[in-house]
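J.: pasting a predicted model and its sequence here:
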Amino acid sequence: MRESLQFYIDGAWVEPAAPKRWEVINPATEQPAGVIALGDQTDVDRAVAAAKKAFRSFSRTSRQERIEMFESIIAAYRPRRKDLAEAITDEMGAPAEIAENLHALIGQIHLKTAMTVLKDYKFEQQRGTTWLMHEPIGVCALITPWNWPINQIAAKVSPALACGCTMVLKASEYSPFSAQIWTEIMHAAGVPAGVFNMVHGDGPTVGAALSSHPDIDMVSFTGSTRAGIEVARNAAPTIKRVHQELGGKSANIILADADIAAAVTAGVKSVAHNSGQSCNAPTRMLVPASKMAEAIVAARAAAEGIMVGDPKAGVEVGPVVSKVQFDKIQGLIEKGMAEGATLVAGGPGRPDGIDKGYFVRPTVFADVKNDMTIAREEIFGPVLSILGYADIEDALEIANDTPYGLAGYIQGTDPEVIAEVASRMRAGQIIINQAHPDPMAPFGGYKQSGNGREWGDHAFEGFLEVKAMLGHPPRGTQEAVARTEALEPAK
Ligand SMILES: NC(=O)c1ccc[n+]([C@@H]2O[C@H](COP(=O)([O-])OP(=O)(O)OC[C@H]3O[C@@H](n4cnc5c(N)ncnc54)[C@H](O)[C@@H]3O)[C@@H](O)[C@H]2O)c1
């Protein structure tokens, strides 16, 4: 049994103010994975006070000091990758190999990316007689979900530290053990006391206390649209900056000139990956109506070929995170059948031969209409909807007919057509022909998928305020002016 019964505040592990506990269930076994303490307002006040105090000095550290801090964090992170992976498998069910080589690896990539960006980031800029300074925004609340637990923690903590902010992390109560190890890494790396703090808790208590706290300057939230709205509401009276990474229902347009079977197979696997628990999963596959029959054959073969099972037994897909998610997904699969979509693979219940754990059958529906529930709601399970389109105008109409706008996918061969389609999809990231992830590419949504961007240099913008100084640069900045001008390209 894992235990995480203390919080990390002001550089030390401390007891919670009140004895409140939460049992974390291993979704593959339905048995307890461990127990954590749940915090309350008093714990939040204490953590925020520590972060506020530390901000005074940390916000004034030099670029070089912060680069050295990143070097220490990365050195402390590497030997803990396996521990992180094991915790992630126990708490949210990711297959062991994926937990280590994707989930845990991505954390290291975000750290390295932030350090690389930090080396050359222009925090200061002279424009005419005005001097612009990009300063750390202040004390940040970082609220993260369970689906890519370390990715989301790293994608927030790394740029926040690089920009000179201090912070309080509240990870999901469903994935607290990876957050505990992350915190141990911060401590081992010697991150100064109060700069990084961690309090476990649930959304309505600790999440709400952070979102409404008068001494928090900015909230970076990743999670459901429902909770994202709550966070923004709670933050409004104190005019906090709120950065939201929310849900998605991304379209995957398979153009007529694509290799249909290959594109469909890749699309099915992509939706099932991480048990369908990725906000940017390509869950609405759009195929030319004339190719629907061909797509169905390929999709059925791909879905039925996916190995689902014990995440420690070399499978491709493990369980979904919790009974609540399992039941929600089952309900949506039933709904798809009731609303008249064609069930091509999978369906309700667990995969054959599995009688416990929150395992879902990789499910594909074809002949889906865009007004059906399964095409509109984020299912967050391995469930794909295939929709037919008449022509490219129709495909774009369907793709953009969603309240979300996180990602869009295109498969095809004609670069002109791809460019046209990509420019007309209303989404923050367009992935063409299964391009590899790019840690420098901004990640974030249009419309109800959120605001702001994470990853790479764009992530810094969320953690900075801009100050304009009009007139000659004040004393002490002259050297910085010369340095910045030296970096400008020759005119
Ligand atoms: N756009 C993205 O980058 C992205 C990435 C991953 C997940 N997601 C979304 O996250 C959702 C799944 O994650 P989840 O179920 O953990 O989401 P969730 O919204 O239930 O929880 C996310 C986090 O918010 C906290 N929380 C819940 N209610 C809160 C409240 N009222 N105030 C403050 N905090 C609160 C939770 O404790 C958790 O830490 C999906 O909808 C998915 O699309 C989005």
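T.: All right, it came through fine.

J.: ok, which stretches of the stretch 101-250 of the chain are strands?
T.: Assigned by DSSP state E, counting those that start in this stretch, the strands in the stretch 101-250 of the chain fall at 124-127, 130-136, 139-143, 166-170, 196-198, 218-222, 241-245.

J.: do you know which of the ones you listed lies nearest Lys369?
T.: Closest to Lys369 of the strands of the stretch 101-250 of the chain, according to CB to CB: strand 241-245, at 28.7 Å. All C-beta atoms are positioned from the backbone trio N, CA, C, and that covers glycine.

J.: elements contacting that closest one?
T.: Under the contact criterion of 3 or more CB pairs under 8 Å, 6 or more residues apart in numbering; DSSP states H and E, strand 241-245 touches strand 218-222, helix 225-235, strand 450-451.

J.: and of these, who's closest to the ligand?
T.: helix 225-235 (3.2 Å; CB to the nearest ligand atom).

J.: quick one, the closest one and strand 218-222 angle?
T.: For helix 225-235 against strand 218-222, the angle between stretch directions is 170 degrees (axes from the mean of the first three to the mean of the last three CA atoms, to 10 degrees).

J.: and the protein, which of its residues are near the ligand?
T.: Residues of the chain lying near the ligand by CB under 6 Å from any ligand atom: 143-148, 170, 172-173, 202-204, 207-208, 211, 222-224, 227, 230-231, 245-248, 279, 378, 380, 406, 445, 449-450.

J.: filter those residues down to the buried ones and hand me the PyMOL line.
T.: The PyMOL selection below is limited to those of these classed as buried (16 or more other CB atoms under 10 Å):
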select buried, resi 143+144+145+146+147+148+170+172+173+202+203+207+208+211+222+223+224+227+230+231+245+246+247+248+279+378+380+406+445+449+450
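
J.: am I right that Ser278 is in a strand?
T.: No. Counting by DSSP: H, G, I helix; E, B strand; the rest coil, Ser278 falls outside a strand, being coil.

J.: list the contacts of it.
T.: 147-148 (CB atoms under 8 Å, 6 or more residues apart in numbering).

J.: of all the helices and strands packed on strand 241-245, which one is nearest Ala179?
T.: strand 218-222 (13.1 Å).

J.: and the closest one, what does it pack onto?
T.: Counting contacts by 3+ CB pairs under 8 Å, 6+ apart, strand 218-222 is packed against strand 139-143, helix 149-163, helix 208-212, helix 225-235, strand 241-245.

J.: got the ones you listed as CSV, with mean pLDDT columns?
T.: As requested, these are exported to CSV (pLDDT from 0 to 100):
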stretch, mean pLDDT
strand 139-143, 99
helix 149-163, 98
helix 208-212, 98
helix 225-235, 97
strand 241-245, 97
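
J.: distance to Lys20 for these - can I get that in CSV?
T.: Formatted as CSV, the helices and strands packed on strand 218-222 follow (distance: least, CB to CB, whole Å):
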stretch, distance to Lys20
strand 139-143, 18
helix 149-163, 21
helix 208-212, 13
helix 225-235, 20
strand 241-245, 27
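
J.: do you know which of these lies nearest Gly309?
T.: helix 149-163 (21.4 Å).

J.: any idea how far the closest one is from the chain center?
T.: Counting by CA atoms, centre = their mean, to the nearest Å, helix 149-163 is centred 10 Å from the centre of its parent chain.

J.: related to what we said a few turns ago, right, so of the strands of the stretch 101-250 of the chain, which gets closest to Arg350?
T.: Proximity to Arg350 (CB to CB) singles out strand 218-222 among the strands of the stretch 101-250 of the chain, at 28.8 Å.
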